[in-house]
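Chemist: Provided below for reference: sequence and predicted model.
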Amino acid sequence: KQEVTQIPAALSVPEGENLVLNCSFTDSAIYNLQWFRQDPGKGLTSLLLIQSSQREQTSGRLNASLDKSSGRSTLYIAASQPGDSATYLCAVLSGGGADGLTFGKGTHLIIQP
Amino acid sequence: DAGVIQSPRHEVTEMGQEVTLRCKPISGHNSLFWYRQTMMRGLELLIYFNNNVPIDDSGMPEDRFSAKMPNASFSTLKIQPSEPRDSAVYFCASSLARSTGELFFGEGSRLTVL
């Protein structure tokens, strides 16, 4: 059974810093990996989707990498802003065809103005 | 596109009552997922449909939970009878293709069972 772990669980940094959020998964047979953002009381917003054949994806100040063999992904946020404060979730779609996305518990990020 | 639409946004009910949550996926999406989110367990997949057919319902916690997708634009998740431990936020999500598609979530239905 796929398990997804996100470290750290919470992070607080001053505005302007570059930061890295980590995600690891136990079964490397995945179709894709997706990073989401969740604001309090809201649904999840998709940030980046990396297919299993890809190594990274970029969108604006966000860059996500995937190392399938080691079961790791990182989300890099450049020049952080207070508006980036949210919970960031990593999810993997496993192979085998029967499963939906398996989610990590998330990293709660606070950017201090 | 309006995105995934869920209703109701909030529901407060008493133990033993029937609860029905509704979802309208993004038009043209073939896969629909129901998730439950709690502080303790995070996001858990309950069931997903592909082309209106339930593919995997192994996440449905008990027989009290049932889900239907009568057509491509509508799905329901029903809990009967409801219990306090069912209190959670229930999310519906859809994607164009299960194995490659980006997943889009609704705003969720916050259920409180007293």
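Modeler: Thanks, I have the structure now.
Chemist: Okay, now the sheet partners of the lowest-mean-pLDDT helix or strand in chain B, with direction.
Modeler: Comparing helices and strands within chain B by mean pLDDT, DSSP states H and E singles out strand B:53-56 as the least confident, with a mean of 88. With DSSP bridges as the criterion, the sheet partners recorded for strand B:53-56 are strand B:42-50 (antiparallel).
Chemist: Quick one: residues contacting the most centrally placed residue in chain B.
Modeler: Residue closest to the average C-alpha location in chain B (C-alpha atoms, centre = their mean): B:Trp34, at 3.2 Å. By C-beta atoms under 8 Å, 6 or more residues apart in numbering or on different chains, the residues touching B:Trp34 are B:23, B:45-48, B:67, B:75, B:77, B:90-92. For glycine as for every other residue, the C-beta is placed from the backbone atoms N, C-alpha and C.
Chemist: Most neighbours of all those, which one?
Modeler: Taking other C-beta atoms under 10 Å in any protein chain shown as the neighbour criterion, B:Cys92 ranks highest of these with 29 neighbours.
Chemist: Hmm, B:Cys23 and that residue touching each other?
Modeler: Yes - assessed by C-beta atoms under 8 Å, B:Cys92 is found in contact with B:Cys23 at 3.4 Å.
Chemist: Check the contact lists of these two and give me the overlap.
Modeler: B:4, B:6, B:32, B:34, B:75, B:77, B:106.
Chemist: contacting residues around residue 36?
Modeler: Using chain A. Taking C-beta under 8 Å, 6+ apart as the criterion, A:Phe36 is in contact with A:44-47, A:88-91, B:105.
Chemist: that's the wrong chain, I meant chain B
Modeler: Contacts here follow C-beta under 8 Å, 6+ apart; on that basis B:Arg36 touches B:43-44, B:46, B:88-91.
Chemist: go on, A:Gly83?
Modeler: A:Ile111.
Chemist: Name the residues linked to residue 7 by a beta bridge.
Modeler: Picked chain A for this. On the basis of DSSP bridges, A:Ile7 takes part in beta bridges with A:Asn22.
Chemist: actually it's chain B I care about, not the one you picked
Modeler: Residues found in beta-bridge contact with B:Ser7 (criterion: DSSP bridges) are B:Arg22.
Chemist: so it sits right up against B:Arg22, yeah?
Modeler: Yes - with contact defined as C-beta under 8 Å, B:Ser7 and B:Arg22 form a contacting pair (4.9 Å).
Chemist: Could you verify my assumption that B:Ser87 touches B:Thr112?
Modeler: Yes - taking contact to mean C-beta under 8 Å, the distance of 5.1 Å between B:Ser87 and B:Thr112 places them in contact.
Chemist: Identify the residues contacting the helix-or-strand element of chain A with minimal mean pLDDT?
Modeler: Sorting the helices and strands of chain A by mean pLDDT, DSSP H and E puts strand A:101-103 at the bottom, at a mean of 87. Strand A:101-103 is contacted by residues A:2-4, A:25, A:34, A:89-94, B:33, B:42-43, B:45, B:103 when judged by C-beta under 8 Å, 6+ apart.
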